[in-house]
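K.L.:
kindly return the folded structure for what I paste below:
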Amino acid sequence: MYFFEHYYQTVIKYDLINKFQYANVKKLPKLKKIVLNFNCKHSDTKQLALAMTALELITLQRGILTVTKKSNVILKLKKGEPIGCKIILRKRNMYNFLFKIMNEILPKIKNFKKFDLKLNKNNNYKINAFSFKLKNTLNFLELEKNYYLFRNLSFLNITFVTNKINYYEFIFLFQSFKISNRI
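P.N.:
Residues are numbered from 1 along each chain as shown. Below is the predicted model of the structure:
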């Protein structure tokens, strides 16, 4: 087991049970997945190839191209053209990337903005996911070594997806992961 996974299993679960008094262990708040994606304004194959390579270097996992669902005359896009790429991290890869973000990337960012929370207003403000954009992707050591290739990349969108939890559970969960001072 890796550090964050082990820490969640041994410490955070018991803290959540003691704080919120769950009757069912399966309803505990947890991270389901982390989604990383690059979006390109135009379907430039060179830019897409660089973005895909950057994602694969960062995560050591194979990426997926995202394509347009509809044609757009204004942007000169046809249906089915590639416009970005993404990687979905789950289980151990997710916890490894979370460790990398917490220890290598976020400490390097000076003017870090708050996370954007996506709330479900129907279910007493339940939180599904939160996300933020990394403007400087060269904070990753893997990309910094090849600066001349990756200097023109667009923003990296990082989305943390959780099971539906309320705002207080969300804050407690990420205080436990020591992300709370950045929320």
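
K.L.:
tally of neighbours for residue 148?
P.N.:
Applying other CB atoms under 10 Å, we find 6 residues neighbouring residue 148. Heads up, the C-betas are built off the backbone N, CA and C, glycines and all.

K.L.:
what does residue 20 give?
P.N.:
Burial of residue 20 is recorded as 15 neighbouring residues (other CB under 10 Å).

K.L.:
leaving out sequence neighbours, find the closest residue to it.
P.N.:
Excluding the flanking residues, the one nearest residue 20 by CB to CB, 6 or more residues apart in numbering is residue 169, at 6.4 Å.

K.L.:
pull the helix or strand with minimum mean pLDDT from the protein.
P.N.:
strand 116-120 (a mean of 52; mean pLDDT, DSSP states H and E).

K.L.:
need the next SSE after it, C-terminal direction.
P.N.:
Following strand 116-120 in sequence order, the next helix or strand is strand 126-134 (DSSP states H and E).

K.L.:
put the alpha carbons of the helix or strand harbouring residue 16 into CSV.
P.N.:
Using DSSP H and E, residue 16 falls within helix 13-20. What follows is helix 13-20, C-alpha atoms only, in CSV (Å, rounded to 0.1, in the frame of the first residue of the first chain):
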residue,chain,number,x,y,z
LYS,A,13,-11.7,6.4,7.8
TYR,A,14,-11.8,6.2,11.6
ASP,A,15,-11.7,9.9,12.0
LEU,A,16,-14.7,10.2,9.7
ILE,A,17,-16.6,7.5,11.5
ASN,A,18,-16.0,9.2,14.9
LYS,A,19,-16.8,12.7,13.7
PHE,A,20,-19.9,12.1,11.6
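
K.L.:
which secondary structure elements does that helix contact?
P.N.:
helix 167-176 (3 or more CB pairs under 8 Å, 6 or more residues apart in numbering; DSSP states H and E).

K.L.:
can you do 6 Å?
P.N.:
Using 3 or more CB pairs under 6 Å, 6 or more residues apart in numbering; DSSP states H and E as the contact test, no helix or strand touches helix 13-20.

K.L.:
chain center to that helix: distance?
P.N.:
Its chain's C-alpha centre and that of helix 13-20 lie 25 Å apart, by CA atoms, centre = their mean, to the nearest Å.
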